[in-house]
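Novice: Next one to model:
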Amino acid sequence: MPWRGAWRIARRDLAHSLRGLRLLLVCLFLGTMALAAIGTLTGAIERELAVRGRALLGGDIEAALWQRPPAADEMAALRALGAVSTGARMQAMAVATRDASLAVPVEFKAVDAAWPLYGRLRLADGREVGAPTGMTAWIAPGVADRMGLSVGDRLRVGAATLTVGGVIADEPDRLGEGFTLGPVVIASREALDASGLIQPGSMYRSKTRVRLAGSADPTAAIDALKQRFPDAGWELRDRSRASPGLDRFVGRMGQFLALVALAALAIAGIGIANGVASWLETRRPGIATLKVLGATSGDIARIHSLEIALAAVVGIGAGLVAGVAITPLLGAALGSLLPVAPGLVLDWGALAFAAASGLLIAAIFAAPPLLRARAFPAMALMRARVAPPALAWRTLALPVGGGLAVLAALILLRAEQPWLSAGFLAGAAALFGALAALGWGLRALAARLPRPRRPLLRIALANLHRPGAQTGALVTALGFGLSAFVLLAGVQTSLDANIAQRVPARAPDYFVLDLPRDKADEFARIVEDAAPEARIRTVPALRGAILAYGPAERMTRVSELAAIPDDAWPLRGERGLTYSDRVPDGNVVTAGKWWPRDYSGPPLVSVDQDLADAIALKLGDKLTIGLLGVERSATIASFRRIDWDSMGFNYVLVFSPNALADAPHNLAATVELGGEADRRALLAGLVRALPASSVIEIGPVVSRARDILSQMATAILAAASVAILAGLAVLIGAIAAVRASRLYDNVILRVLGASRGQLLGLQLAEYGVLAVLLGVLALGLGGFGAWLVIVQLFEFEWLPDWPRVLAVLGLGIATILAFALAGSLPLLRAKPAQALREL
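Specialist: Next up is the predicted model:
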């Protein structure tokens, strides 16, 4: 039969029987939509980061230092690379001049006339401006709203009185600045000098940005700076790492979304196999008739391949359109977390990958039922209801095995984390294998169990192992679907628990930074006057970088490390330092001893146990830090376990007082109000008495952090819902496929006198046994998968809410039983005489 003739028959057939391919359409639609949306969103974010990298960072490279500007030789080296913009960042208090009680903690951002080197700052009135001049300031909407300020109003920061020149609508380098403890106020270097905020020991950060000359390589420039100034203690970034925290977040989200897409694709494959098998079962008499009339096996394959291909193209096309359409919605949901361009985004590579993957999945999982219809003669197909033909595995090896190999190669070539995709593919293959082995084992076990005396139980048991039993297909589909439900429930409940734990409900009411040591008593008096039951804790606050560590005779220089392990994050840049003559609250000494009060021997240091484990430190090793450009060394006297979940002062390094007390520094303080307190009077009193100190109210900070984590969890759940929908489609398809094969059984049983209630009980008993057994398996497999996602991928704690997970699993089992019951109702309405004539 020529292809034209095959197409004519296929077209006429589809006009009457496209309903039978609905499951194929739905599964391909969901799988392709997931791949298209996730690929397009990820590509859009990466392109936006690449395109806007300079603007996000504010330059091609950035050198940041704590508590000092670059030294003369360091600045000369930076200026030799290209145009330079210098500035400073620090926490401060903004006070309305018309009402001193209106005070807001802000990020005070001082910039020079060259800022921004890339991009422009856009104000709410539409103006595009550069750096403010004189005593003018650009303020964030949060400052304007909380203080009731508008253009022309005045506010005081430190000793400087500033005039509001505009409210910020779009700050070009905002994402590059990272998480801040308050809205921003941008002012000139002149305003910073007038504020008097920078004093010896003040907690500020200098930032020097460079626009490289010509086509200079920023990576090479940074490498040269590190080699020339290995102990400068600065944090160097280039435009490809404009926001390292954002890069890590995008990477983690990209990995998880890739797993979601692959899971949706794998689940869709099961649905396609069930859907095609169910559809071809309805076409069995027609196929047999065509063969009797002279159609060859090749003709049969051509006709039905065309039908499946047309349905697949429709499903894939709809999935591509839906994936592109929902990308702006996902971008809007993540807009405050990720840089996503508004409007529709077309990533042709992602769309081509989604389409190719969908076609391959359709071909791979449609091959077995197609080959079965092609291979068997007409009489075998006529008897298929009572004597189902079996297809040798060798027949499937080439089309299915070859297709899977091509699909795996395509996924790995496209993947940005090949090891992650390879692990998922291996895990999915192992899961399929385990479920197939379980299905075979259940059939074998059911065949060997004693026959129950009750007829319905005996028939239910026989349905699991009789010829043509769909036990294997049911186990695979239901097991995969239930495992997906458990995995997603475990991920979601663990994320919720981590949000609750990492952002505690109870925290200090205020943090105070840059508290002068000679003002500590006055600070305590002001707090006690406004809140008599307040609890105050003060600690010395310094910043420094770890330069070297290890045995005194062979110390390891941090600048010489090829790569810093993830667990050794304190080695990256400068960190908070303090000193104390007692063990800090919330810390437990795990090894060594704490130094005595009034200790005056060689400088000592206590190190966080996690850092010690990460870089193999031992008691008695040396640790060298860079503090305000000066190297200081101390001997490791103890290790501590830190309670990072408390929102108090937690320092990786705590020194003996004689190691750091002579360095210029201020104090940091926390205030817990305890009982009732006049917060407004407290804040006003502190601002008047300590204009150079920053008072940070913790409530809004905690709320913002909780909102960010909750937004991330919601985005993850929304993306994972695609896999849930695919799982539901597969469950429906698996039950529908089995329903077609049960028509003959139910008709025979009704002829023999079985009631409708007995037939429903038979269906529920069979599916109930399978669902409970698979539920136990899914709890283990899905729980393990959720643990991998939470602990290995997101690096959170494994904190599932098992009652909720079990409730979701129970809901999944109830869904299976409900679908089984709903699928059985049409069989009960079938007329025996008509059904027997159609066999």
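Novice: Lowest mean pLDDT among the helices and strands, pick that one out for the chain.
Specialist: The helix or strand of the chain with the poorest confidence is helix 378-382; it has a mean of 57 (mean pLDDT, DSSP states H and E).
Novice: The stretch 551-700 of the chain: strands as residue ranges?
Specialist: Counting by DSSP state E, counting those that start in this stretch, the stretch 551-700 of the chain has strands at residues 556-557, 574-579, 587-592, 604-608, 622-627, 630-642, 653-655, 666-672, 694-697.
Novice: What does the residue lying closest to Q199 once chain neighbours are set aside show for phi and psi?
Specialist: Nearest non-adjacent residue to Q199, counting by Cβ to Cβ, 6 or more residues apart in numbering: A692, 6.6 Å away. Backbone N, C-alpha and C define where each C-beta goes, glycine included. Torsion angles at A692 (phi, psi; degrees, to the nearest 10) stand at phi -90, psi 0.
Novice: same deal with P200?
Specialist: According to degrees, to the nearest 10, P200 has phi -50, psi 120.
Novice: and it, what does it touch?
Specialist: Listed by Cβ atoms under 8 Å, 6 or more residues apart in numbering, the contact partners of P200 are P664.
Novice: Tell me how far it lies from P664.
Specialist: 4 Å (Cβ to Cβ, to the nearest Å).
Novice: ok, now A520?
Specialist: 16 Å.
Novice: again with M1
Specialist: For M1, the distance to P664 - Cβ to Cβ - is 91 Å.
Novice: which parts of the host helix or strand of F424 are buried?
Specialist: Using DSSP states H and E, the element containing F424 is helix 418-448. Of all the residues in helix 418-448, those buried under the rule 16 or more other Cβ atoms under 10 Å are 420-421, 424-425, 427-428, 431-432, 435, 438-439, 442-443, 446.
Novice: so how far is that helix off the chain centroid?
Specialist: 27 Å (Cα atoms, centre = their mean, to the nearest Å).
Novice: same thing with stretch 653-663?
Specialist: 40 Å.
Novice: Between the two ends of that stretch, how far is it?
Specialist: In stretch 653-663, first residue to last residue: 16 Å (Cα to Cα, to the nearest Å).
Novice: Next: stretch 788-799.
Specialist: 12 Å.
Novice: List the buried residues in that stretch.
Specialist: Within stretch 788-799, the residues scored as buried using 16+ other Cβ under 10 Å are 788-790, 793-794, 796.
Novice: average pLDDT across it?
Specialist: Computed over stretch 788-799, the mean pLDDT rounds to 79.
Novice: related to what we said a few turns ago, state the next helix or strand along the chain beyond the helix holding F424.
Specialist: Taking DSSP H and E, what comes next after helix 418-448 is helix 455-463.
Novice: Report the angle between that next one and helix 418-448.
Specialist: In terms of direction (axes from the mean of the first three to the mean of the last three Cα atoms, to 10 degrees), helix 455-463 departs from helix 418-448 by 130 degrees.
Novice: residues in contact with helix 455-463?
Specialist: 446, 449, 451-452, 469, 745, 749, 758, 761-762, 765-766, 769.
Novice: Next, count neighbours for D662.
Specialist: Other residues near D662 come to 9 when the count uses other Cβ atoms under 10 Å.
Novice: Need phi/psi at it.
Specialist: In terms of degrees, to the nearest 10, the main-chain angles of D662 are phi -80, psi -10.
Novice: Next one: it from L628, what distance?
Specialist: Where L628 is concerned, D662 sits at a distance of 11 Å (Cβ to Cβ).
Novice: ditto for A367
Specialist: 70 Å.
Novice: CSV please, covering the buried residues of stretch 788-799 and showing secondary structure and distance to T180.
Specialist: CSV is the format used below for the buried residues of stretch 788-799 (DSSP: H, G, I helix; E, B strand; the rest coil; distance: Cβ to Cβ, whole Å):
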residue, secondary structure, distance to T180
L788, helix, 33
V789, helix, 30
I790, helix, 28
L793, helix, 27
F794, coil, 23
F796, coil, 23
